[in-house]
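Student: Build me a model from this:
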Amino acid sequence: MDKTKRFFLKSKRLFRRRLPPIGSGDQIDYKNMSLISRFISEQGKILSRRVNRLTFKQQRLITIAIKQARILSSLPFLNNEKRFEKNDRNTTNVIKKKK
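Tutor: Numbering: from 1, shown residues only. Prediction:
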């Protein structure tokens, strides 16, 4: 084989299969807060299925469990901590301008 033809051969890449985020023994339930909290963003939103790498059925069960936990008030609907920080900064700037 010529040296010029070697560059055009496709290299075989090794694909490492990622582990699924939910193991076979994990039970998707509103009481399992350690599992549910992995699928919620910092703002309190439910992460999409592409981000979570879940199957359709798992995503549906996670969504139902999160909604049940929110209704039973074990999870907040929104995480408002960052909003208050931004408002505090704005009010301090307004106070400084008035002086």
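Student: would you list every one of the helices in this structure?
Tutor: 3-6, 33-36, 49-52, 56-71, 81-98 (DSSP state H).
Student: pLDDT averaged over the first one, what's the number?
Tutor: Looking at helix 3-6 alone, the average pLDDT works out to 59.
Student: same thing with the third one?
Tutor: Helix 49-52 shows a mean pLDDT of 90 in the predicted model.
Student: Extract the C-alpha set from that helix and format it as PDB.
Tutor: Extracted in PDB, the C-alpha atoms of helix 49-52 (Å, rounded to 0.1, in the frame of the first residue of the first chain):
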ATOM      1  CA  ARG A  49     -34.600  14.100  27.800                       C
ATOM      2  CA  ARG A  50     -31.600  14.800  25.600                       C
ATOM      3  CA  VAL A  51     -29.700  16.400  28.500                       C
ATOM      4  CA  ASN A  52     -30.600  13.600  30.900                       C
END
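Student: just to revisit the earlier point, pick out the shakiest of the helices of the chain, pLDDT-wise.
Tutor: Least confident of those, judged by mean pLDDT, is helix 81-98 with a mean of 55.
Student: Give me the buried stretch members for stretch 70-80, please.
Tutor: By neighbour count on 16 or more other C-beta atoms under 10 Å, the buried set for stretch 70-80 is 70, 75. (C-beta placed from N, C-alpha, C; glycine too.)
Student: Run through who's touching that stretch.
Tutor: Contacts to stretch 70-80, defined as C-beta atoms under 8 Å, 6 or more residues apart in numbering, come from residues 30, 33, 36, 40, 42-44, 66, 69.
Student: residues in contact with the closest residue to Leu61 other than its chain neighbours?
Tutor: Distances taken as C-beta to C-beta, 6 or more residues apart in numbering place Ile28 nearest to Leu61, at 4.3 Å, with adjacent residues excluded. Applying C-beta under 8 Å, 6+ apart, we find Ile28 in contact with 22, 35, 58, 61-62, 65.
Student: burial of Ala65, as a residue count?
Tutor: Neighbours of Ala65 under the rule other C-beta atoms under 10 Å: 21.
Student: In contact with the closest residue to it other than its chain neighbours, which residues are there?
Tutor: Ranked by C-beta to C-beta, 6+ apart and with sequence neighbours excluded, the top spatial neighbour of Ala65 is Tyr30, at 4.6 Å. Contact analysis of Tyr30 by C-beta under 8 Å, 6+ apart lists 36, 65-66, 68-69, 72, 74.
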